[in-house]
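Q: For reference, the sequence and a predicted model appear below.
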Amino acid sequence: MKIAKRNPRFNTDAQRLALTLQYVIQGHELPRGRLFQRWVNAALLPATQETIVTLRIVGEEEGRSMNRDYRGKDYATNVLTFALHEGEERLPGMPLIGDIVLCAPVVEREAAEQNKTLEEHYAHLTVHGMLHLQGLDHIEEDEAEAMEALESALLGKLGYADPYAVEKS
């Protein structure tokens, strides 16, 4: 049986963000709460006011199950994002509420394959998930270019390399 290690909420950025971390996996090198807090805050867009986010770090079985159940894809993926009011207009004053799920074994494999540190890959995927939570997407080519440019800029401000540098060269 998996035991979730729940951290208290991080209230940050003048109460713009309430972040809850859930570590539902053991035996992996995982970033600490303050790093996740920093990455989530960096990805908050100016138009986004109050935000309530749960960031859940899971194993391969749960990652695969969630990807299969919610996206119809039978494999574990690196990051999944679930916005409470996805595709709907939020009422004025209503906070942005959602979950970001990171699959630790997939993140580790990808970091190794891409010659990245684990920290920089977690930073990238956390920023990526936060942008999805706020309504950005990469289905269309122009959307993908805009989202990748924003991710690169945000990660640069955080001191990380451009995650798309190899693709651009």
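A: Received it, and whenever you're ready, just let me know what you need. Numbering: from 1, shown residues only.

Q: Quick check: Ile25 touching Val106?
A: No - assessed by C-beta atoms under 8 Å, Ile25 is found out of contact with Val106, at 11.4 Å. Where C-beta positions appear, they are placed from N, C-alpha and C, glycine not excepted.

Q: what is the mean pLDDT for stretch 93-104?
A: For stretch 93-104, mean pLDDT rounds to 93.

Q: Where does the prediction get shaky in the chain?
A: Low-confidence segments of the chain (pLDDT under 70): 1-15, 169.

Q: Could you rerun that using 80?
A: 1-15, 86-93, 166-169 (pLDDT under 80).

Q: For it, just list every one of the strands.
A: 5-6, 10-12, 17-23, 51-58, 79-83, 96-103 (DSSP state E).

Q: okay if I get those as JSON lines plus distance to Glu110 and mean neighbour count?
A: As requested, the strands of the chain are exported to JSON lines (distance: least, C-beta to C-beta, whole Å; neighbours: other C-beta atoms under 10 Å):
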{"stretch": "strand 5-6", "distance to Glu110": "23", "mean neighbour count": "13"}
{"stretch": "strand 10-12", "distance to Glu110": "26", "mean neighbour count": "16"}
{"stretch": "strand 17-23", "distance to Glu110": "19", "mean neighbour count": "19"}
{"stretch": "strand 51-58", "distance to Glu110": "14", "mean neighbour count": "22"}
{"stretch": "strand 79-83", "distance to Glu110": "10", "mean neighbour count": "18"}
{"stretch": "strand 96-103", "distance to Glu110": "10", "mean neighbour count": "22"}
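
Q: out of those strands, which comes closest to Ala149?
A: The closest of the strands of the chain to Ala149 is strand 79-83. By C-beta to C-beta, the value is 18.7 Å.
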